[in-house]
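Undergrad: Build me a model:
(3 chains)
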Amino acid sequence: MKSSRVRLTWATGLVLALATAACGSGSSGGAPAAGGSGGQAAGKTEITLLVDNAESTVKNAEAVVAAFEKAHPDITVKTSTRPGGADGDNLVKTKLSTGSMEDVFWYNSGSLLQALNPAKSLVDLTGSPVLANVDESFLPSVTQDGKVYGAPWGDAMGGGILYNKDVYAEAGLTVPKTWAEFTANNDKLKAAGVTPVIGSFKDTWTTQLFVLGDYCNVAASNPNWAADYTANKVKYATDPAALRGFEKTAEASSKGWLNKSAGSTTFDQGMKLLVSGKAAQFPMLTFPVGTLPKDQAAKIGFFGIPGDDAAKNCATLWMPGGQYIPSAGKNIEAAKTFVGFVASPEGVAAMYAAVPPTGPSLVKGVTTPADAAPVINDIKAYIDGGNNSPALEFLSPVKGPALEQITTAVETGQTPAKEAADQYDKDVTKQAKQLGLAGW
Amino acid sequence: MQSPSSSNARTAGSRGDAGPGRAAPTPARASAVRGTTQRRYSYWFYAPAGVVYGVIFVLPTLISFYFAFTRWDLFESEWIGLDNFRQFFSEQSLRSSLVNTLVYAVTTSGLKVVLGMLLAIVLTSSIRLKGLLRALTFFPVLVSTVAVGITFSVLLQPDFGIVNAALAKVGITGPDWLGDPDTALLSVAAVDVWKGVGLATVIYIAGILSIPRDYYEAVEVDGGGAWTQFWNVTLPLARPATFTVILLSFIGGLRSFDLIWTMTGGGPGFASDTIASVIYKQYQAGFYGLATAGNVVLFLLVSAIVFPLARFFSSREVDL
Amino acid sequence: MSAQTLTPARRLRRLGTEVLAVGAALVVFVVPFVFIVLTAFKDEFEASDLTFSLPTTWPVLDNLREVFAARDGMLLVAFKNSTILTVSSVAILVVLCSMVAFVLQRRPGRVSDVVGALILSGLIIPPAIVPTIWVLQKLHLFKTIPGLVLVEVAFSMSFTILLYRAFIAAIPRELDEAAVIDGCSSLTLFFRVIFPLLRPVTITSILTNSVFIFNDFVNPLYFTPGDENATVQLTLYNFLSQFSTQYNLLFMNILVITIPPLLVFVLFNGKIVSGMTSGAVKG
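TA: Numbers count the residues shown, from 1 in each chain, chains lettered A, B, ... in the order given. Down below sits the predicted model:
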């Protein structure tokens, strides 16, 4: 505790120092932007920004844009939103391939970025001052063929199970370390009349968590899994450890853990169910906790998708999303200024003021504010304990576009786990071929 | 080609007299002076429309037969033979979309025929408020599909939607209409019928009104009741209307996309995917070659069903 | 007509059927629209219940203002785009299709058979979307309103031509001949003499096509991605995720974009119905 306080003061100094530095580099980046678009008489550049429409993203964007416009009066930022999930992935792809992308867009890092064909469509940021404050550990998730294409926005987060601590306390449950314990907990919850697990199939992307969040368990069984997967040597359907994710998804439906109207429940409604205590657990990323009111956020805890061995209990982590600049953009310099600002302690501080963090930042010199949601401590425990793994999408460029539909089909009991895994393998092959990856 | 084309000219013409109210087929003049005809009715009149139609519709249709055999990112294409089609028929989700499309088309057109006929009979009887009722049933045809889709996905909400609330009043627990894989496709089809039955009704009304009263009177003289009138007069003589309704809703059903997309997005999982929604998903995911192959499959399916159907209907019409 | 001859019992039964029919029609066809209006007029909190009840407060104007203000007045831009799209597509359709239908009806022969077959194919064959995008891209018309106008024109052409052809069949050829004797060229003959006579079917085709094009969702979705050229239907679809918790605004949006077709319907109900039945081969 003491040491962390010391670190905090030290870090605050660093933040201030970096903030000024960022400001300096920012305006130096801004000057050529104004010059670059010299056609504009007023000297004011307008750039456009595309973000996904999750409440936390929109709030973050609004906050950081306001702070940016204050620091750079010569640039205005116009924000528009896009849907999340596959709909959003596809919109981004369409916009890039048709040259209609905004000047800056926020999008996933990792394999989804790889599918955008960054060498062709995005501005190369390797060595750019834009990345001055970015933690090196983030860079691999936005790198292709040695070139860096993105800067982070937002925080790293956990992907696993969000649970309502009040409900857990009332039912006398402890955080499960294995899938068997998780199952036992669910039986007790069900007997107590609480919905054990929330399904929100109306927003299909939410059904992927049992598979994607299970990756740390897969990695624990075979540390080389990601590399083998990229090389087309392992498959979900044929690797028993990897298949578990699909089996876990199937169990949610076959064991009757889900809410009655899961098929028509949206992600927002799912969060409401969790907070209200009508349901106990939600397989989810940790980011939505940030937008909850403080008293509600305090009720929510996090644990990784349980594996089969208590000794290897772990959690899967998500890198922050990336900010990217399409190479077809018209205001690339101004866009860089903005991206650099968002990935600076000053930008992060502006976002923290709007949305408290739910995970560690990957911008150097940022400190976690005292009022952060408690869920961040659950994640930190996994980071400090070393029992974590980045999600597969940050380790391998291969990800199929239909996973969320496939997992929805599994979670509604339409497709058996094994068959679904097989379908997903085929989906991945399709994507890999389209991308022209070697070995497929 | 010849036969459906000429039949259609005729049905359009005969329906014309229900509409503008005066189109009587003019017998084509066999002996028009060739020269004046050419001058007066210049083929150049086809040109502007032909250019638009050719470039935006015919050309893409033709080149789709090339791109369907390629892996394509809109810039470069690589010939991969039948791979796209193999993919299309090997993926279970794509195959089920084929079945769904047929189920959807058959259900919607069947229901539109039955309900449209029923409504038309009620609305051509001497019932009061006829005009109002006709207007009410027809209005949904003019409302945007997206608006209808959104509205009904709210009305069909399992927990608080008014459909299940009404069912609960009479002691029935309604299902999760759009969220349950077993009911999703049929629920969307029902909404499609709700939206489209007005058009079918109006076509039937035109058909029924064109039946001469004497036929009904003849049945009455023979002592036949309302049922006999329906069975022996209305049903056979409204056959052209039936054919039109079937063809129309079948074509619409096979291509259906917007309602499904706004209501279920093809889900849950793949439970309500149709070919058109699969094509859109492949397009979105950047599998342009595969999407085009899907288009070709849809093209073949529609042609294989609709052209023979049209031919069959036109031959039956000749018998009458 | 024979109502006077009915016995009281039959008359009563008939009355019963009538009440039943009207009642059923009201429930099935009117309740959804009333629901739209009610929800659009509620405040956010009340609307989230999604019940079929009168609003306790009536923030009608606030909701309206908010819907138009959302995303920097996106809906207003969309209305502008949709209007441009609808008006220009319909204008082009009317001119091009009446011309085709005129020659098609007046000059039978092999060429016209081929044209007729092409028109029929247009009714039945689903358009090949991605290749169309490719073509538009080559023409630098992809993502533009003019490009979308061409698409709407091409896809609605078959229906409109058939509509016109049925009508032209009823116009006597003697008129053409008289005009030619007066020394008109074929273009003047058509636009001076024939086209004015087509007024009734032109009105019908304008109404029917406007409703279809204004309501179209699929083509804007494919051919004008992005916010700039969004149409009202596309905006509504995008608002679906944005207003996911604000049902009052979502339904206000639905209400607002349903008003144009409603107006057309109230003013020209008969014309639309006759248009749809006479050309009724629209996919």
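Undergrad: switch to C-alpha atoms for all contacts and neighbour counts from now on
TA: Will do.
Undergrad: Residue numbers of the stretch 101-250 of chain B in contact with chain A?
TA: When proximity is defined by CA under 8 Å from any CA of the partner chain, the stretch 101-250 of chain B lies next to chain A at B:157-159, B:176, B:178-181.
Undergrad: That should have said the stretch 1-150 of chain C, apologies.
TA: Checking the stretch 1-150 of chain C against chain A by CA under 8 Å from any CA, the hits are C:R71.
Undergrad: distance of the residue of the stretch 1-150 of chain C found nearest chain A from A:V58?
TA: Scanning the stretch 1-150 of chain C for the residue nearest chain A gives C:R71, at 7.3 Å (criterion: CA to the nearest CA). Per CA to CA, to the nearest Å, C:R71 is found 12 Å from A:V58.
Undergrad: give me the element residue 102 is part of.
TA: Since no chain was named, I'll use chain A. Under DSSP states H and E, no helix or strand contains A:E102.
Undergrad: should've been chain C
TA: Here C:F102 is assigned to helix C:60-106, by DSSP H and E.
Undergrad: which residue ranges form the strands in the stretch 201-350 of chain A?
TA: Secondary structure of the stretch 201-350 of chain A, counting by DSSP state E, counting those that start in this stretch: strands at A:279-285, A:300-303, A:315-318, A:321-324.
Undergrad: Would you convert those strands into TSV that also reports mean pLDDT?
TA: Putting the strands of the stretch 201-350 of chain A into TSV (pLDDT from 0 to 100) gives the following:
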stretch	mean pLDDT
strand A:279-285	95
strand A:300-303	94
strand A:315-318	93
strand A:321-324	94
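Undergrad: among those strands, which is nearest chain B?
TA: Taking the strands of the stretch 201-350 of chain A one by one with CA to the nearest CA, strand A:279-285 is closest: 15.4 Å.
Undergrad: Do any residues in that closest one lie close to chain B?
TA: No. With CA under 8 Å from any CA as the criterion, chain B is not reached by strand A:279-285; the gap is at least 15.4 Å.
Undergrad: If you count contacts, what does that strand end up packed against?
TA: Packing partners of strand A:279-285 (3 or more CA pairs under 8 Å, 6 or more residues apart in numbering or on different chains; DSSP states H and E): strand A:157-164, strand A:195-197, helix A:209-212, helix A:267-276.
Undergrad: number of nearby residues for whichever residue of the stretch 1-150 of chain A sits closest to chain B?
TA: Ranked by CA to the nearest CA, the top residue of the stretch 1-150 of chain A for proximity to chain B is A:N90, at 4.5 Å. Around A:N90 there are 21 other residues, counting by other CA atoms under 10 Å in any protein chain shown.
Undergrad: Look at it and tell me its secondary structure.
TA: Following DSSP: H, G, I helix; E, B strand; the rest coil, A:N90 is assigned to helix.
Undergrad: Just list the residues touching it, thanks.
TA: By CA atoms under 8 Å, 6 or more residues apart in numbering or on different chains, the contact list for A:N90 reads B:284-286.
Undergrad: Show me what residue of the stretch 101-250 of chain B gets nearest to chain C.
TA: For the stretch 101-250 of chain B, CA to the nearest CA, closest residue to chain C: B:S144, 4.7 Å.
Undergrad: Apart from its neighbours in sequence, what residue is nearest that residue?
TA: Closest residue to B:S144 apart from its sequence neighbours, by CA to CA, 6 or more residues apart in numbering or on different chains: C:N215 at 4.7 Å.
Undergrad: From C:P260, how far out is that neighbour?
TA: Distance of C:N215 to C:P260, given as CA to CA: 10 Å.
Undergrad: out of the two, which sits in the busier spot?
TA: C:N215 (25 against 16).
Undergrad: List the contacts of the more buried one.
TA: B:143-145, C:233.
Undergrad: about what we covered before: out of the helices and strands packed on strand A:279-285, flag the one nearest A:A409.
TA: helix A:209-212 (13.1 Å; CA to CA).
Undergrad: any chance of the residues of the stretch 101-250 of chain B next to chain A in JSON lines, plus pLDDT and secondary structure?
TA: Below are these laid out as JSON lines (pLDDT from 0 to 100; DSSP: H, G, I helix; E, B strand; the rest coil):
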{"residue": "B:Q157", "pLDDT": "90", "secondary structure": "coil"}
{"residue": "B:P158", "pLDDT": "90", "secondary structure": "coil"}
{"residue": "B:D159", "pLDDT": "84", "secondary structure": "coil"}
{"residue": "B:D176", "pLDDT": "91", "secondary structure": "coil"}
{"residue": "B:L178", "pLDDT": "93", "secondary structure": "coil"}
{"residue": "B:G179", "pLDDT": "91", "secondary structure": "coil"}
{"residue": "B:D180", "pLDDT": "92", "secondary structure": "coil"}
{"residue": "B:P181", "pLDDT": "91", "secondary structure": "coil"}
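Undergrad: Most neighbours out of these, which is it?
TA: Ranking those using other CA under 10 Å puts B:G179 first, with 30 neighbours.
Undergrad: which residue packs closest to it, ignoring adjacent ones?
TA: Nearest residue to B:G179, sequence neighbours excluded (CA to CA, 6+ apart): A:G263, at 3.6 Å.
Undergrad: What of A:L274?
TA: Spatially, and ignoring its direct neighbours in sequence, A:L274 is nearest to A:A280 (5.9 Å; CA to CA, 6+ apart).
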